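> Sequence first, predicted coordinates after that:
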Amino acid sequence: MRLLKEHVDKLVFNHRSGILFARKPTIHFYPEIEICPCCGVKLNVRKTRTKTVVTGDIGPFRAKETVLECQSDQAVFRSEALWKLVPFRCTFGFDVIVSVGMALFVDCRNNQEIMRDQAAKNVIISERQISYLGCKFIVYLAIAHRESQFRLRESMARRGGYILHLDGTCENDSPHLFCALDGISELILDSIKIPSEKKELLVPFFQRIKENYGSPVALVHDMGKGIISAVEAVFPGIADFICHFHFLRDIGKDLLQEEYVALQKRLRKLKVRSLLRQKAKYLENKICVDSRTVEAIKTGIETGQCETASLQHVPLLSAYALIEWAFEAPYQSSGYGFPFDRPHLDFFRRLQEIRRELSTI
């Protein structure tokens, strides 16, 4: 009984540590058939091979695979179950590749964080292997997307067609990542990396979309000359619309940018932010900052329910809270960029509100 209890305790400890087996197990894999489907002859053993496999569910184990061969036509048969777990000539399973890829590109985690997360699952992996599996994840994702094109086309056809949204993004002199999106299902149909949005570079991309998904019922894009010319060449006669977002953004820049830049320069020249930070630091050293009271004051200002009497009761703490509230102006932005977001104007308006509140304290 004592030995049994020790064995159970060891299994429980290994389970809590993310280790399913105390020692690396050996799992046998065989082909799912024993008779050749072509000639009906019984298959013979060609060879047996062993490889180390690491999956998220089991951890590391030895996969011992028996490979069969038909003596009649020399056809080779392997275990489909093994190749559903791990790619050919690869150590890490598909589940580990997906887990690493999602952590890298969706959760934006770095290699060291991923190493720690995987180690908790008994998957020991190096930073170099994480980068390599990240690349494999992108390749497999691209292949899966390409193999799903027919089903995507059928799905969009059942909805009555698709609306092709076209847009590109880049930073400074980097290449443009140009994407094609169905505006109804919001599915990415295709993407390409190109040096610029010139007509001769976009035409082959648009032709590929047309070949894979057919002609759209409408198009939506910005007012780039290259896009407009390429659309006219590949999709003649299709209803073509300018994106309202891009249209309003361009108009907003024409109407508001000059005054907005002047406001930004004025705030910078007066050193408003640095002076307020100095004042906030001074107040922190002079008073005991009560975070609950500070949050209550900021909430009262936001909702318009901040009473003058309450500010007068704790004047220094109120001044500190007002400064903190001013620096939270960027949180008003929605993330669409100028002219929809104007954080410097929001900051200036909060300064005006602070001036009115301070005059009553």
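Yep, that arrived.
> now the helices for the stretch 201-350 of the chain?
In the stretch 201-350 of the chain, the helices defined using DSSP state H, counting those that start in this stretch lie at 225-234, 244-269, 272-286, 291-303, 308-313, 315-327, 343-360.
> The residue nearest to residue 82 when sequence neighbours are not counted: neighbouring residues, count only.
Computed as CB to CB, 6 or more residues apart in numbering, the closest residue to residue 82 that is not its neighbour in sequence is residue 29, at 4.3 Å. Every C-beta, even on glycine, is put in place using the N, C-alpha and C of the backbone. Neighbourhood size, residue 29 [other CB atoms under 10 Å]: 18.
> Contact partners for residue 29?
Neighbour list for residue 29: 63-66, 79, 81-82 [criterion: CB atoms under 8 Å, 6 or more residues apart in numbering].
> possible to save those as CSV with secondary structure?
Below are the contacts of residue 29 laid out as CSV (DSSP: H, G, I helix; E, B strand; the rest coil):
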residue, secondary structure
63, strand
64, strand
65, strand
66, strand
79, coil
81, helix
82, helix
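> If you go by neighbour count, which of those are buried?
Buried members of those, scored by 16 or more other CB atoms under 10 Å, are 63, 65-66, 79, 82.
> Would you point out which residue is most central in this structure?
The chain has residue 106 as the residue nearest its centroid, 3.1 Å off, counting by CA atoms, centre = their mean.
> Identify, among the helices and strands of this protein, the element with the weakest mean pLDDT.
helix 2-16 (a mean of 43; mean pLDDT, DSSP states H and E).
> Let me know the next secondary structure element after it.
Next helix or strand after helix 2-16 toward the C-terminus (DSSP states H and E): strand 26-29.
> Can you name the secondary structure element that comes next after that following strand?
Criterion used, DSSP H and E; the element after strand 26-29 is strand 44-55.
> Packing partners of that following strand?
strand 59-69, helix 80-85, helix 94-105 (3 or more CB pairs under 8 Å, 6 or more residues apart in numbering; DSSP states H and E).
> next SSE after the last one?
Pointing back at helix 94-105 there. helix 111-119.
> Residue 245 and residue 218: what is the separation?
16 Å (CB to CB, to the nearest Å).
> now residue 120
According to CB to CB, residue 120 and residue 218 sit 49 Å apart.
> out of the two, which sits in the more crowded spot?
Between residue 120 and residue 218, counted using other CB under 10 Å, residue 218 has the larger neighbour count: 15 against 10.
> who's in contact with the more buried one?
By CB under 8 Å, 6+ apart, the neighbours of residue 218 are 163-164, 238-241.
> Name the member of those residues with the most neighbours.
Top of the contacts of residue 218 by neighbour count (other CB under 10 Å): residue 164, with 25 neighbours.
> Tell me the secondary structure at it.
Classified using three-state DSSP, residue 164 is strand.
> ok, it touching residue 214?
No: using CB atoms under 8 Å, residue 164 is not in contact with residue 214, being 10.4 Å away.
> follow-up on the earlier one: I'd like the helices and strands packed on strand 44-55 written out as a markdown table, with distance to residue 324 and mean pLDDT added.
Rendered in a markdown table, the data for the helices and strands packed on strand 44-55 read as follows (distance: least, CB to CB, whole Å; pLDDT from 0 to 100):
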| stretch | distance to residue 324 | mean pLDDT |
| --- | --- | --- |
| strand 59-69 | 48 | 91 |
| helix 80-85 | 53 | 90 |
| helix 94-105 | 34 | 94 |
